[in-house]
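Participant: Have a look at this prediction, sequence included:
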Amino acid sequence: MAEFPNLSRRGFLNGTAAVGGLLVVPGLLTACSKTDSGSATGEGALEKLRKQGFVRVAYANEAPYGYLEGKELKGEAPTLHREIFRALGVDELKPTLSEWDGLIPGLQAGKYDVVSAGMAITPERCGNAIFSEPEFISPTALMVQKGNPKKLTDLASAKEAGVTVGVMSGAVEGSYAKGAGISEDRIKTLQKPQDGADAVKGGRIDAFLLTGISLRWLAKTNPDTEVTEAFVPELDGKEQFSPGGAVFRKGNEDLRDSFNRELKKIVSDRSRYVQLLEPYGFGETEIPPADLRTADLCKG
């Protein structure tokens, strides 16, 4: 059964977000070098995939980003990547399940060709792999009781109303709430997403702050709640987009570039993007801005 999103994909304040990239120990790097020395790269890699008829993708079984339902690989990333690789002449995705922290090391070791798990683009991870251009952003939203009795729309409205906001332990949303001027005695820390939903339903908090993607998925099993329109929070005057993308092994830049050309066609066509990904909670608010570039995100 697919698990609830591993929120470390976005970069927790406790540093767990970078673990997948930083746990690349020398032994793994050595293994990577040995594996890659015999593999095709660039256009050669794409030609190899075309000839074999499939691309090996890794997923972490986390809905709605990439998960197995029955025997079918579903979610944001596999759906988008299947569409892109078909356009590139590769008809099939062959999935490999991985622990979240093992996704990049497994990619480096040549166990698969692409990480198809909705991984956040961070400078730490960019040091160990290459990312596509952003395929989504993760605007924030508020889960509130059905009917939205406090009429909340964003963090500014939450501050003005003097309400109590719940955030996940160690998650970036705590800093967003503080940055918006909400006092610490009005911010409650919760351990799991379901704890946040339960606190909203029980009236212990007025709103639960998390990405719109995660909250919309959570609301499917919590019908007494609703989720506000997503918004992009700011921290120190900088918009926090939390973008994610596909991940490729270093040396496969040309394969990544071919992928990017097809990705651009989809994110530039808003109706096509929404049609593909709406079943997983992704809408127009998750479409990356055209000027949001991976090269800049990797710089931090």
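Facilitator: Happy to help now that I have it.
Participant: where along the stretch 151-300 of the chain do the helices fall?
Facilitator: For the stretch 151-300 of the chain, the helices defined by DSSP state H, counting those that start in this stretch occupy 155-161, 173-179, 193-201, 212-219, 253-267, 270-277, 294-299.
Participant: ok, residues contacting the shortest one?
Facilitator: Outside helix 294-299, the residues within contact range by Cβ atoms under 8 Å, 6 or more residues apart in numbering are 121-123, 126, 131-134, 243, 245. No exception for glycine: its C-beta is placed from N, CA and C like everyone else's.
Participant: Out of the helices of the stretch 151-300 of the chain, which gets nearest to Ser138?
Facilitator: Minimum separation from Ser138 across the helices of the stretch 151-300 of the chain (Cβ to Cβ) falls at helix 212-219, 5.8 Å.
Participant: other SSEs contacting that closest one?
Facilitator: strand 140-145, helix 193-201, strand 225-227 (3 or more Cβ pairs under 8 Å, 6 or more residues apart in numbering; DSSP states H and E).
Participant: ok, of the contacts of helix 294-299, which come out buried?
Facilitator: The neighbour-count criterion (16 or more other Cβ atoms under 10 Å) marks 121-122, 126, 131-134, 243, 245 among the contacts of helix 294-299 as buried.
Participant: host element of the residue nearest the centre of the chain?
Facilitator: The centre of the chain sits closest to Gly118, judged by Cα atoms, centre = their mean, with a distance of 3.9 Å. Using DSSP states H and E, Gly118 sits in strand 114-120.
Participant: For the stretch 51-200 of the chain, give me the ranges with low pLDDT.
Facilitator: Filtered on pLDDT under 70, the stretch 51-200 of the chain yields no residues whatsoever.
Participant: Asp101: neighbouring residues, count only.
Facilitator: Each residue near Asp101 was counted by other Cβ atoms under 10 Å, and the total is 17.
Participant: still on that earlier bit, highest average neighbour count across the helices and strands packed on helix 212-219?
Facilitator: Burial of those is given as mean neighbour count (mean count of other Cβ atoms under 10 Å); strand 140-145 ranks first at a mean of 24.
Participant: List the contacts of the nearest residue to Ile187 once chain neighbours are set aside.
Facilitator: In this structure, Ile187 finds its nearest non-sequential neighbour in Ala177, 5.1 Å apart by Cβ to Cβ, 6 or more residues apart in numbering. When contacts are counted by Cβ under 8 Å, 6+ apart, Ala177 touches 155, 158, 165, 167, 187, 209.
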